[in-house]
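>>> Provided below for reference: sequence and predicted model.
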Amino acid sequence: MEKVKRRIAVLGSTGSIGTQTLDVIRRNPDIFSVEILSAGKNWELLAQQAIEFQPDTVVIADESCYQNLKNALENYPIKVFVGAKAIEQVVEYDTIDIVVAAMVGYSGLLPTVNAIRHKKAIALANKETLVAAGKIVMTEAQINNVPILPVDSEHSAIFQCLVGEGYNKIEKILLTASGGPFRGKDRTFLQTVKKEQALKHPNWNMGAKVTIDSASLMNKGLETIEAMHLFNVPVDKIEVLVHPQSIIHSGVQFEDGAVKFQLGMPDMRLPIQFAIGFPQRLKSDYQRVDFFSLPQGLTFEKPDLEVFKNLSLAIYSAKKGGNMPCIMNAANEVAVKKFLKDEIGFLQMSDLIEKTMQKTYFIENPDLEDIIKTHQEATLIAESF
């Protein structure tokens, strides 16, 4: 019998996760096909991807790029749409089996929620979706019986450690962090760092936003909140371990004291492939770990919450709950943009986030509409500083 391919929608196909997802699909043409591709502004790469993978539909968020994309694809039987609303709507297609949510930041929330409501499996690479509205998203997934398969290397590792554990209770989640390019530095050093330094991650090749988040340890704060929702554990049962080698991707400690870790080379194609291929492990020729040639062995450190204040702000927002994580996330998106434009310094990002968290209206039990309004309000307040 002919194998039925899994039909994939890749939201954010021109970004780091999106391009690596397409590489996984390219290597497994008998298993996967591309149904939808979307991008923000990079219409040229989106057009190249569309010509190679021949999806049914492509969507470009930026209206100024629409005509160029339309012209580039005029000789191909590919539908071309434009705008954020179109990205939200195309996930409803009956021909989609899995939605890879790889859009950057808050922009991934509404398309992901709509995909869940239309009963699409979600391969989640957009951590901000659960940071901004974790309780709402997980409730929607439960109501619609939709699996959310984590793509972040850390959450994929935790998920892999939990496969086969049934109802065995989690005592602690061990969430690893590389420490980023500024591991071991003090606040005096960080006062003068430039974006070029922050964008040089020692282990991972990622987009600008997540690389800056990694440098400030905000990325680990966002991942702490994401893990809290994905695995239904309180934030005080999540421990961050700085692991500079990025070989151990995270783990779980169970109530009998046993610890399970998932290990592998730092290559995002591994967790992407695991998510869209689950429950099957697909064969690959990606680099294997050579334990005898690791120059430093495998080491662990505690994160410095005084130097890297963003992590403590994220943990505070998780404990506060309500719309506070959404406020924190919106402020961080503004802070990162300002830092990348050289408008504020590295340490000022934390100041901007903290001020926004203090100034934005707190809602204890927000619904989705509250979250949308909160993001808009917090963004305006953050931009005003």
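Yes, it's here.
>>> Quick check: Thr112 is in a strand.
No: going by DSSP: H, G, I helix; E, B strand; the rest coil, the assignment for Thr112 is helix, not a strand.
>>> Double-check it against Val137; I have them as touching.
Yes: judged on C-beta atoms under 8 Å, Thr112 makes contact with Val137 at a distance of 6.8 Å. Yep, even glycine has a C-beta here, placed from its N, CA and C like the rest.
>>> Those two: which is more packed in?
Thr112 (27 against 24; other C-beta atoms under 10 Å).
>>> tell me the contacts of that one?
The contact partners of Thr112, by C-beta atoms under 8 Å, 6 or more residues apart in numbering, come to 99, 101, 122, 124, 126, 129, 137.
>>> Equivalent analysis for Val90, please.
Val90 touches 9, 36, 38, 57, 59, 81, counting by C-beta under 8 Å, 6+ apart.
>>> Pipe these into CSV and attach secondary structure per row.
Below are the contacts of Val90 laid out as CSV (three-state DSSP):
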residue, secondary structure
Ala9, strand
Ile36, strand
Ser38, strand
Thr57, strand
Val59, strand
Phe81, strand
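>>> Just the buried ones from the residues you listed?
Buried by 16 or more other C-beta atoms under 10 Å: 9, 36, 38, 57, 59, 81, out of those.
>>> Does the fifth one touch Ala86 like I think?
Just to be clear, that refers to Val59. Yes: with contact defined as C-beta under 8 Å, Val59 counts as touching Ala86 (4.8 Å).
>>> okay, and the common contacts of the two?
Contacts common to Val59 and Ala86, judged by C-beta under 8 Å, 6+ apart, are absent.
>>> what about Ser64, how many neighbours?
10.
>>> mind checking pLDDT for it?
Looking at Ser64, its pLDDT reads 97.
>>> what does the average pLDDT come to for stretch 52-59?
So the average pLDDT for stretch 52-59 ends up being 98.
>>> no wait, stretch 284-303
The average pLDDT for stretch 284-303 rounds to 90.
>>> so what does the host helix or strand of Gly134 touch, helix or strand wise?
Per DSSP states H and E: Gly134 is located in helix 127-143. Applying 3 or more C-beta pairs under 8 Å, 6 or more residues apart in numbering; DSSP states H and E, one finds that helix 127-143 contacts helix 109-117, strand 148-150, helix 218-230, helix 324-340, helix 368-384.
>>> Switch the ones you listed over to TSV; also include mean pLDDT.
Shown next, in TSV, are the helices and strands packed on helix 127-143 (pLDDT from 0 to 100):
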stretch	mean pLDDT
helix 109-117	97
strand 148-150	98
helix 218-230	96
helix 324-340	97
helix 368-384	97
